[in-house]
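Q: below: sequence and its predicted model.
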Amino acid sequence: MLRASPERRARWRSLGRGFRQRNPLVLAAAVLLAVGALLVFQSALVRGGITLVSEGRLLRITNDDYLHVAYRVAELKKEPSEQRTIYLFGGSGTMECFVDQQSLGALVSAESGQDVRVVSLAAHQQSFAMSLALADNLPDGPAVLAIGLAPIRMTTDPRADAGLLSGRPLLVRSPRLASLAQRFYGQDPAALGVIPGFFDYLGSYVRARDGEAGRPALGAALAYAEHYYPPGAKGHLPLGKRRNVLAVLKKDVQLYRRFSAYNLAMLEEILKLARDRGFSVALYDQPLNTSAAGPDWAGVVPAYRAACRRLAAKYGVAYLHIERGVKLKDADFADLFHLLAPGRAKWQPEMARQLAAALRAPSYPVALRSGAGQSQVPPALAD
């Protein structure tokens, strides 16, 4: 058996004494070194260091949307697209409204006569603040930010979004969002940036990857699932879709009144970022099962559409109404918000057609020429 030299053993004993040292100056120096190491680690993390490990080994579950979109923007930073790119932002309603990025990109390319790539950065329950943080990390280049609208995106509590300042639940650092921290959240950005979020991620990763009860083992590779309702999935029965409609509408009306001003302000911040970065924007409505919940969603839908039309006109961006060109039925939806595979097959061609039209005239507000201004805003919900 090989033995360490006396010099090496002495060095290890000296290092051990250092760890047991209680001198305040030594402890302070150790803290500073630890903080410095964390900041260096954070810098590597937000500059794309996460891609040193394959995404499949970092996913906590197959539907780990927040890790997936953080990983995607890290990849985009390292290898920016040379094509004109349409970035999709939105919640799970956006995730379920198109078949896949490749086929949607091919349709938009054919309709527009341009070489177009589609990259989805949608995630379940994605707030506008999350969309802002992701957009802030996009590389320079010709791009369209396609931003999904839905009742749930207008009802986020700002207290939930405040966690983004420390990397919760998205492991991305957004200087733009940090500059708005005092205005919207009444606090300064976290001193350690996304490090708190990284430790939260590690804890949840270990819990999700303990190898028990059919859960994957640590380090095992998983395949990211792009749909919560993959081909062949069945939706709720018609009665099940309608069972809680009144409760859903009541809750959305209450939350809209409380938080719509904040969420619309965050949407406007995305439009400002796009203007500053030279990105085009296309707002669009995510699919809604109006046959089950009613066409105006207890007044919430016409209220936010009117507000978004004003923003579209103010910033000269397109506002698409894909739902007007698609005849969706109750059976096309899994519930109130998510399309099943047959519904996606109906929605995607019209989505491609309207995105292609926005590409051909990106600065012209589509909503202003489509008659969208005829909707009335209920006085109780007017902003």
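A: Good, I have the coordinates. Residues are numbered from 1 along each chain as shown.
Q: show me what the helix or strand encompassing Arg183 is packed against.
A: Here Arg183 sits within helix 181-185, counting by DSSP states H and E. Counting contacts by 3 or more Cβ pairs under 8 Å, 6 or more residues apart in numbering; DSSP states H and E, helix 181-185 packs against helix 158-161, helix 245-277. (Glycine included, C-beta is placed from N, CA and C.)
Q: out of these, nearest to Val206?
A: helix 158-161 (24.0 Å; Cβ to Cβ).
Q: now do the SS call for Ala282.
A: Under the three-state scheme (DSSP: H, G, I helix; E, B strand; the rest coil), Ala282 adopts strand.
Q: residues in contact with it?
A: Counting by Cβ atoms under 8 Å, 6 or more residues apart in numbering, Ala282 touches 144-147, 317-320, 354-355, 358, 362, 366.
Q: cool, Leu121 as well?
A: So Leu121 contacts Val69, Arg72, Val73, Tyr87, Leu88, Phe89, Ser131, Leu134 (Cβ under 8 Å, 6+ apart).
Q: please apply the same query to Arg344.
A: Arg344 makes contacts with Glu96, Cys97, Phe98, Val99, as judged by Cβ under 8 Å, 6+ apart.
Q: skipping adjacent residues, who's closest to Gln126 in space?
A: Gly91 (4.9 Å; Cβ to Cβ, 6 or more residues apart in numbering).
Q: can you give me the pLDDT of that neighbour?
A: Listed pLDDT for Gly91 reads 97.
Q: pLDDT score for the residue nearest to Ser81 when sequence neighbours are not counted?
A: The shortest distance from Ser81 to any non-neighbouring residue, by Cβ to Cβ, 6+ apart, is to Arg117 (5.7 Å). For Arg117, the pLDDT comes out at 97.
Q: follow-up on the earlier one: the residue nearest to Gln126 contacts His124, correct?
A: Yes: between Gly91 and His124 there is a contact under Cβ atoms under 8 Å: 6.0 Å.
Q: those two: which has the busier surroundings?
A: Per other Cβ atoms under 10 Å, whichever of Gly91 and His124 has more neighbours is Gly91, with 24 against 17.
Q: residues contacting the one helix or strand Ser131 maps to, please?
A: According to DSSP H and E, Ser131 maps onto helix 128-135. With Cβ under 8 Å, 6+ apart as the test, helix 128-135 has contacts from 69, 73, 87, 89-90, 121, 123, 145, 147, 153, 156, 158, 161, 164, 170, 172, 174, 176-177, 184, 263, 266-267, 269-270, 273-274, 279.
Q: partners of the next helix or strand after that helix in the sheet?
A: Counting by DSSP H and E, the element after helix 128-135 in chain order, helix or strand, is strand 143-149. Here strand 143-149 is paired, per DSSP bridges, with strand 84-89 (parallel), strand 280-285 (parallel).
Q: return the distance of stretch 336-353 from the chain's centre.
A: 19 Å (Cα atoms, centre = their mean, to the nearest Å).
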